[in-house]
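1. Provide a 3D model corresponding to the input given below.
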Amino acid sequence: MSGVRQSSATQTQIGTTGPVAVVWDASPSPEETSPCLLGIEYPFDADNVANLLCSAKWKTEGSDTRTLTLHVEVSTPTIAAAPARPPDANSWYNHPVAIAFNGQGYSGVASCQTATPSATAVYSGPDAASASVHGTCVDPAGKSASTSFELHYDATPPTITGAFPSRPPDFNGWYNHPVTFVFTGMDATSGIEPCSATYAGPDSSSARLLGSCRDRAGNVTPVGVSLRYEAAPPQLSVGASPGDGTVSVRWRANTNVVIARSPGLRGPHASTLYSGSSGSFTDKRVRNGVRYTYTLKAKGRAGRVSKRSIALVPGPQLLAPTTNARVVTPPLLRWTPVKGATYYNVQLFRGQKLLSAWPVRSSLQLSRAWKYAGVENRLAAGRYTWYVWPGYGAIGTAQYGSLIGHRTFIVHSAASG
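-> Okay, the predicted model is just below:
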């Protein structure tokens with residue numbers, strides 16, 4: 001008795017890589033068969049492992065049973081390629097990547113190889129918008145399948161060809177507020193992405209804007225631009241003191257200063273009085289009792305301007321201590337000099353006159369103790385009022401001008417010792 005067409009009846013295990021039909025026959029013809037029918041094709045056209053059995057009985061010859069294990073593999077193995085990592089940027093790889101191939105057939109795990117006997121290949125170039133790695137897998141039945149892994153590969157950074165500021169320098173070759181530079185370049189494979197960088201400090205005469213440009217594959221090229229940058233306005237502090245027919249202006253700045261005054265020299269409009277870096281200026285073209293505003297401007301090397309204004313009224317006046325100042329040591333009384341005055345009369349009161357002095361300069365240093373009109377006095381705690389008059393000629397002539405002013409100060413107990 002035999003089974004598979006084109007096969008010997010004595011075979012008990014058969015493998016095939018294509019569709020097959022099994023036909024049982026027996027000689028001489030038996031009286032009965034089970035569970036098979038003789039001469040009938042049993043087709044197998046799909047992947048299968050079938051265990052077949054056929055028994056026959058004869059009147060005189062007895063019986064016979066045959067078994068057959070049939071391995072049928074019609075399908076081709078599946079094959080897959082898997083990269084060791086996802087693309088680096090925008091579906092592009094920018095450095096070597098390993099591609100592993102694996103396969104599976106109905107008959108079992110397939111063995112795979114690439115251009116080398118290994119199932120894994122490393123792609124490291126050349127740069128290409130459409131590169132591929134090929135692999136083939138063979139299953140235990142000898143059936144094979146091939147595939148290619150397609151990839152975009154660019155390991156070369158872009159080339160920078162130019163840097164263009166968003167505007168020209170603000171003043172004399174200097175930038176004084178943030179400026180953006182747009183960089184141009186080229187990349188032969190994946191293409192360069194838009195590239196720009198903004199400089200916003202620190203201030204420097206040799207500033208350096210550092211940035212980078214990248215292509216679509218993620219390759220980066222550093223880029224730098226030199227520039228001069230100063231966003232901070234120049235330093236400027238101002239002080240002024242009025243005098244008798246004069247105003248003294250003082251300043252600190254790290255650049256030249258221009259001084260304007262209003263009202264000006266010929267009317268209400270401002271006049272420029274000074275330009276330079278001396279740190280002080282005395283205006284002698286003023287009238288006592290008129291309020292003047294002095295505006296100082298300092299322009300830095302990047303064109304930034306600092307502006308300060310101060311208003312005051314020239315004329316004789318007391319300077320220090322300020323009204324109701326609290327002191328713990330004997331104060332220095334100061335006032336503005338008066339034109340033509342040869343001396344001054346200073347009087348000090350606390351309920352009654354305690355002192356009358358005639359300094360020749362526009363200041364008087366009080367003491368802790370003194371004698372006046374035969375009476376010993378001490379600078380005890382309390383509120384004091386002082387007056388100053390200018391004197392002209394010899395002291396003995398007692399020719400006094402108008403009162404310069406009067407003020408009060410308060411002494412704490414420490415001043416009296």
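2. leaving out the residues flanking it, which one is nearest to Tyr199?
-> Leu209 (4.2 Å; C-beta to C-beta, 6 or more residues apart in numbering). Every residue, glycine included, has its C-beta placed from N, CA and C.
3. ok, Thr408 - contacts?
-> Contacts for Thr408 (C-beta atoms under 8 Å, 6 or more residues apart in numbering) come out as 323-324, 383-386.
4. then Thr65?
-> Contacts of Thr65 (C-beta under 8 Å, 6+ apart): 53-56.
5. give me that answer again for 6 Å
-> Counting by C-beta atoms under 6 Å, 6 or more residues apart in numbering, Thr65 touches Ser55.
6. can you classify the closest residue to Leu37 other than its chain neighbours by secondary structure?
-> Leaving aside its sequence neighbours, Leu37 sits nearest to Trp24 (C-beta to C-beta, 6+ apart; 7.1 Å). Classification of Trp24 using DSSP: H, G, I helix; E, B strand; the rest coil returns strand.
7. check which helix or strand Ser275 maps to.
-> In the assignment (DSSP states H and E), Ser275 maps to strand 271-276.
8. what helices and strands are in contact with that strand?
-> With contacts taken as 3 or more C-beta pairs under 6 Å, 6 or more residues apart in numbering; DSSP states H and E, strand 271-276 sits against strand 257-262.
9. mind doing that once more with 10 Å?
-> strand 246-253, strand 257-262, strand 280-283, strand 292-299 (3 or more C-beta pairs under 10 Å, 6 or more residues apart in numbering; DSSP states H and E).
10. alpha carbons of the shortest one, as PDB, please.
-> This means strand 280-283. Extracted as PDB, the C-alpha positions of strand 280-283 are listed here (Å, rounded to 0.1, in the frame of the first residue of the first chain):
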ATOM      1  CA  SER A 280      32.700 121.000  37.200                       C
ATOM      2  CA  PHE A 281      31.500 124.200  35.700                       C
ATOM      3  CA  THR A 282      30.600 127.500  37.300                       C
ATOM      4  CA  ASP A 283      28.000 129.700  35.700                       C
END
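11. contacts for it next, please.
-> Residues outside strand 280-283 that contact it (C-beta atoms under 10 Å, 6 or more residues apart in numbering) are 239-243, 245-251, 257, 259, 261, 265, 273-275, 292, 294, 296, 314.
12. find the nearest non-adjacent residue to Thr323, please.
-> Using C-beta to C-beta, 6+ apart, the closest residue to Thr323 is Arg407 (5.2 Å).
13. just to check, the one you found is in contact with Phe349?
-> No - contact criterion C-beta atoms under 10 Å: Arg407 and Phe349 do not qualify, at 11.3 Å.
14. name the residues contacting each of the two.
-> The contact lists of Arg407 and Phe349 share 384-387, where a contact means C-beta under 10 Å, 6+ apart.
15. now these in JSON lines, with secondary structure and pLDDT?
-> Shown next, in JSON lines, are these (DSSP: H, G, I helix; E, B strand; the rest coil; pLDDT from 0 to 100):
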{"residue": "Tyr384", "secondary structure": "strand", "pLDDT": "98"}
{"residue": "Thr385", "secondary structure": "strand", "pLDDT": "98"}
{"residue": "Trp386", "secondary structure": "strand", "pLDDT": "98"}
{"residue": "Tyr387", "secondary structure": "strand", "pLDDT": "98"}
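16. next, format those as JSON lines and append neighbour count and distance to Ser362.
-> Below are those laid out as JSON lines (neighbours: other C-beta atoms under 10 Å; distance: C-beta to C-beta, whole Å):
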{"residue": "Tyr384", "neighbour count": "21", "distance to Ser362": "19"}
{"residue": "Thr385", "neighbour count": "13", "distance to Ser362": "19"}
{"residue": "Trp386", "neighbour count": "22", "distance to Ser362": "13"}
{"residue": "Tyr387", "neighbour count": "17", "distance to Ser362": "14"}
